[in-house]
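Novice: sequence first, then the predicted structure:
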Amino acid sequence: MLDDPRTVRITGDETAAVYRRADDVDAELHPERYRGRPVPEAYCWSNLTSGNGSRALWLLLLPFMVVNLAHWMRPATKGLGRSQRLYGVLVRLVALTLTVLLTAAACEVALDLTAWQCAGSARCVADRSWLGFLSPEQHGWWSQPGRRLALAAVVPTALVVLLWYLSNRTWSAYEAQRPPTDELPVGAPAATREAPGTEGASAADGGRAADESGAVDEGRAASDDPVTVRPALGRPGFWYGRRLVARLRAAHTAAGFLTIAAALTAAATDHDRSADAGPLGPLGLLLQATLAGCAAVVLWVVCSRGRSERKRDGSLDKLLISALPATALGVLVLAVVHAAWSRPGWVSAGGLPGNLTFLVLALAQIALIVVLVVTAQVLHRRAPHPRIAMRGLGGPAVAMLACALGGVMTGGVAQRVADWLDGDATPGMDEGAIVGPPVLLSWQASVIPVLLVLLLIPVAVLGVRTVRAARRLAPLIEREYEKETADPFRTRQVAGARARAALTDYAPRLVGVLSGASLLLGAGAVAGSWLSGQVPGEAAEGTDSFVESVADTAQSIGSWLVGLGFLLFVTWGRRAYRDASARRTIGILWDVGTFWPRAAHPFAPPCYAERAVPDLTWRILSWTGRTGGRLVLSGHSQGSVLAAAAVWQLRSATRHRVALLTYGSPLERLYGRWFPAYFGAEQLGQLSREVHCWRNLWRSTDPIGGPVRVPEDGDRPEVDRGPLRDPLAYSRTVLHPLPEPILGHSDYQADPVFAEERAALLDRLPPAALPTQRGEREPEGQGSSGRSSA
């Protein structure tokens, strides 16, 4: 970034820091050296997404990250505060089902497949000596089914505790980063102070900022001070959501403990109904009532309060965040004692009794997604825009994909463990099969081949369109480079790069097909498992031979695919744990997925922007306040998004001393289309008016960056400049004797236009407001907002 091997860390730590070249460390003390040229400075944040090896474990949290994205994909609208709050509640409920689903998968593996089915079968135990002490043939203390279940409950309990620990640890490191307060750095001009309370209103709500708890900020309508209407990312509390994350963490941890307790209690109560269990029967019913009451409290906590962005909410619900998980853990302990109580005649056979968790969860997820679709449509129709992805249905579609990912991961774990315990038999079908997961998991696996076949159709269509687009672009490229003698290979190379880069704009269609098909096929899988009570291969017996063959094939291939998917996750995670380059590859995925705060799921990977945005804001405020200098904030790719977020958090006087230079930026192409309530056309237009000047560079060969589509506004020129020529030269020339590469998304600084636009932005900024005691001109500064992992 600094184009110099000798760099010095100015401020920050090993995770994220600001760097300068060694020659520029004391630039402020020697302004005479920098007349007419800027002081380059770099903010490097890549370790926030691809740092140490433990980040590879975040792959297992992928469904949680995806559903958290759905929260921020709410359509832009005007008014409809209740519908906006309902949208947030629905996404948080979908996120809660994913936590229960993950815990239920751990219960399925540990309690049902291992402790109940395998340990209860002499044939299964004979091949696995480590389960011998649990076998009924040994007549030991652990041989009773309830005690086996109680011991196996340690596994899902440890998983829930691990998720709580990771969330709490990252919460202390990320959500605890306080944004700048109203207090200015020492030496800052008094003019940069704004009237308190003017940063809380939202442009989308017409000057009324409502959080999901129903609190409304009326701005300062009764005051004589002017009210600055701020976009959502400019609200003081946007990057400080520790209170909500703490509440959700307590609720999800309690939900995990209650899921384990419910599995234990359901199995024990089922036996007690059919046997003379004495006082254990009423105790089991009382325990189930307690579970229902605790579950109601969890639902109330999840639904009752959303994010509070209009102010920096530093309070914590200490009683709630400590008492709720502790109470749920106490109920789990009681369930363990109840299940482990001696029941001499209890024998385990078939599947775990009362194991309807997966069916109930699937029905709940389908219902929530359908209501979410309706809510999103209501919001979108109030303020439609042609650039919004999927006509406002991006959030429900992504929430559906999160549920599908969770189903594939949990089904893959169950299928792989069942196959491992069962040997060569097919769980649920072969006569020799002694272990099998719930029927619904087999049905869900069976629809995966159908889903892939359906997905091949739009993929093939896009492939044909790309080839045709490259052919249409060929003569345009030759005219653009003014070549009388064209090189067909070079022309095809450039045209292909441009055509492939345009595929990004078709992503909403692919997501729509994938999520819609997943919803319909998932509903079909639920119906098939519910009506037949058998795996697809058995349910199709006696029907037409073609149908029976298709069902058997789909079940076999689906079981293999979910197992393969699980193994790929494990393999990729293991490689990323050991290989820094692989972690950086995963970091590209996290760049978008973990940019947003954890507003829906507390176990999602932490939001790096809650560290990076305050870092940038503090640096800009302190440097401009101390020196009175002017600054060009330069950001590439995801760094441009961080730069925009940081500018929105600045005070008005400081914003007008900052110029913005973005390149390879996904601000409109990705964020504006998928997150219209936060990066829509209105918000980007307001950003252009708030900074002193802004220039955006883009290439038609760039699959990620694109124009921000902010038009001219009075004396302000158009923000976009592009498409830049890529490659810089079509063939060999005197200035380019060797073939120039097609740069695509990288190396924008190599284009002469970059230095030209940076110099122009510096010239357009107002003169530096210098402290009077210096008597010397301060250097102009250029900050780099971040480093793209791409």
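Specialist: Structure received.

Novice: what secondary structure does the most far-flung residue of the chain relative to its centre sit in?
Specialist: Computed with C-alpha atoms, centre = their mean, the residue of the chain farthest from its C-alpha average is residue 276, at 50.7 Å. On the three-state scheme (DSSP: H, G, I helix; E, B strand; the rest coil), residue 276 is labelled coil.

Novice: show me what contacts it?
Specialist: By C-beta atoms under 8 Å, 6 or more residues apart in numbering, residue 276 lies in contact with nothing. Heads up, the C-betas are built off the backbone N, CA and C, glycines and all.

Novice: and it, what pLDDT?
Specialist: With respect to pLDDT, residue 276 has a value of 72.

Novice: how about residue 116?
Specialist: pLDDT, read off for residue 116, is 87.

Novice: look up how far residue 615 lies from it.
Specialist: Taking C-beta to C-beta, to the nearest Å as the measure, residue 116 and residue 615 are separated by 51 Å.

Novice: quick one, helices of the stretch 401-550 of the chain?
Specialist: 439-480, 488-501, 507-532, 536-539, 545-578 (DSSP state H, counting those that start in this stretch).

Novice: just say which of these is most tucked in.
Specialist: Counting by mean count of other C-beta atoms under 10 Å, helix 536-539 has the highest mean neighbour count of the helices of the stretch 401-550 of the chain, with a mean of 22.

Novice: can you give the distance of that one from its chain's centre?
Specialist: With C-alpha atoms, centre = their mean, to the nearest Å as the basis, helix 536-539 stands 37 Å off its chain's centre.

Novice: same question for stretch 487-506.
Specialist: Distance, centroid of stretch 487-506 to centroid of chain: 30 Å (C-alpha atoms, centre = their mean).

Novice: then stretch 252-259?
Specialist: Per C-alpha atoms, centre = their mean, the centroid offset for stretch 252-259 relative to its chain is 22 Å.

Novice: ok, stretch 629-647 next?
Specialist: On C-alpha atoms, centre = their mean, the centre of stretch 629-647 falls 22 Å from the chain's centre.

Novice: likewise for stretch 669-680?
Specialist: Distance of stretch 669-680 from the chain centroid (C-alpha atoms, centre = their mean) equals 15 Å.

Novice: tell me which residues of it are tucked away?
Specialist: Counting neighbours by 16 or more other C-beta atoms under 10 Å, one finds that the buried residues in stretch 669-680 are 669-680.

Novice: can you pick out the most distant pair from those residues?
Specialist: 669 and 677 (16.8 Å; C-beta to C-beta).

Novice: I'd say residue 103 and residue 157 touch.
Specialist: No: contact status for residue 103 versus residue 157: not in contact, 9.2 Å apart, counting by C-beta atoms under 8 Å.

Novice: looking at these two, which one has more neighbours?
Specialist: Applying other C-beta atoms under 10 Å to residue 103 and residue 157 shows that residue 103 carries more neighbours, namely 26 against 22.

Novice: what ranges do the strands span in the protein?
Specialist: Counting by DSSP state E, the segments of the chain that form strands are 7-12, 17-21, 39-44, 201-202, 209-210, 216-217, 229-230, 631-636, 658-663, 693-699, 720-724, 781-784.

Novice: so for residue 501, which of the ones you listed sits nearest?
Specialist: Of all these, strand 693-699 comes closest under C-beta to C-beta, at 7.9 Å.

Novice: need the strands of the chain in JSON lines (columns: distance to residue 338, mean pLDDT and mean neighbour count).
Specialist: Below are those laid out as JSON lines (distance: least, C-beta to C-beta, whole Å; pLDDT from 0 to 100; neighbours: other C-beta atoms under 10 Å):
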{"stretch": "strand 7-12", "distance to residue 338": "53", "mean pLDDT": "92", "mean neighbour count": "15"}
{"stretch": "strand 17-21", "distance to residue 338": "54", "mean pLDDT": "94", "mean neighbour count": "20"}
{"stretch": "strand 39-44", "distance to residue 338": "54", "mean pLDDT": "92", "mean neighbour count": "23"}
{"stretch": "strand 201-202", "distance to residue 338": "51", "mean pLDDT": "36", "mean neighbour count": "24"}
{"stretch": "strand 209-210", "distance to residue 338": "45", "mean pLDDT": "38", "mean neighbour count": "23"}
{"stretch": "strand 216-217", "distance to residue 338": "47", "mean pLDDT": "32", "mean neighbour count": "16"}
{"stretch": "strand 229-230", "distance to residue 338": "54", "mean pLDDT": "67", "mean neighbour count": "22"}
{"stretch": "strand 631-636", "distance to residue 338": "58", "mean pLDDT": "93", "mean neighbour count": "28"}
{"stretch": "strand 658-663", "distance to residue 338": "60", "mean pLDDT": "95", "mean neighbour count": "27"}
{"stretch": "strand 693-699", "distance to residue 338": "63", "mean pLDDT": "95", "mean neighbour count": "24"}
{"stretch": "strand 720-724", "distance to residue 338": "66", "mean pLDDT": "92", "mean neighbour count": "18"}
{"stretch": "strand 781-784", "distance to residue 338": "60", "mean pLDDT": "36", "mean neighbour count": "24"}
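
Novice: relative to residue 547, which of those strands is closest?
Specialist: Among the strands of the chain, strand 693-699 sits nearest to residue 547 (C-beta to C-beta), with 51.6 Å.

Novice: which elements pack onto that closest one?
Specialist: strand 658-663, strand 720-724, helix 752-764 (3 or more C-beta pairs under 8 Å, 6 or more residues apart in numbering; DSSP states H and E).

Novice: direction included, what does it pair against?
Specialist: Paired neighbours of strand 693-699 in the sheet (DSSP bridges): strand 658-663 (parallel), strand 720-724 (parallel).

Novice: between those strands, which gets nearest to residue 85?
Specialist: Nearest of the strands paired with strand 693-699 (C-beta to C-beta): strand 658-663, 32.9 Å.

Novice: related to what we said a few turns ago, tell me which of the strands of the chain sits nearest to residue 569.
Specialist: strand 39-44 (29.0 Å).

Novice: which secondary element of this protein has the worst mean pLDDT?
Specialist: None of the helices or strands of the chain scores lower by mean pLDDT, DSSP states H and E than strand 216-217, at a mean of 32.

Novice: measure residue 750 to residue 741 for me?
Specialist: Residue 750 is 9 Å from residue 741, by C-beta to C-beta.

Novice: just residue 62 next, same as before
Specialist: 33 Å.

Novice: and these two? Which one has more around it.
Specialist: Higher neighbour count among residue 62 and residue 741: residue 62, with 19 against 12, using other C-beta under 10 Å.

Novice: just checking, that one touches residue 405?
Specialist: Yes: taking contacts as C-beta under 8 Å, residue 62 lies within contact range of residue 405: 6.0 Å.
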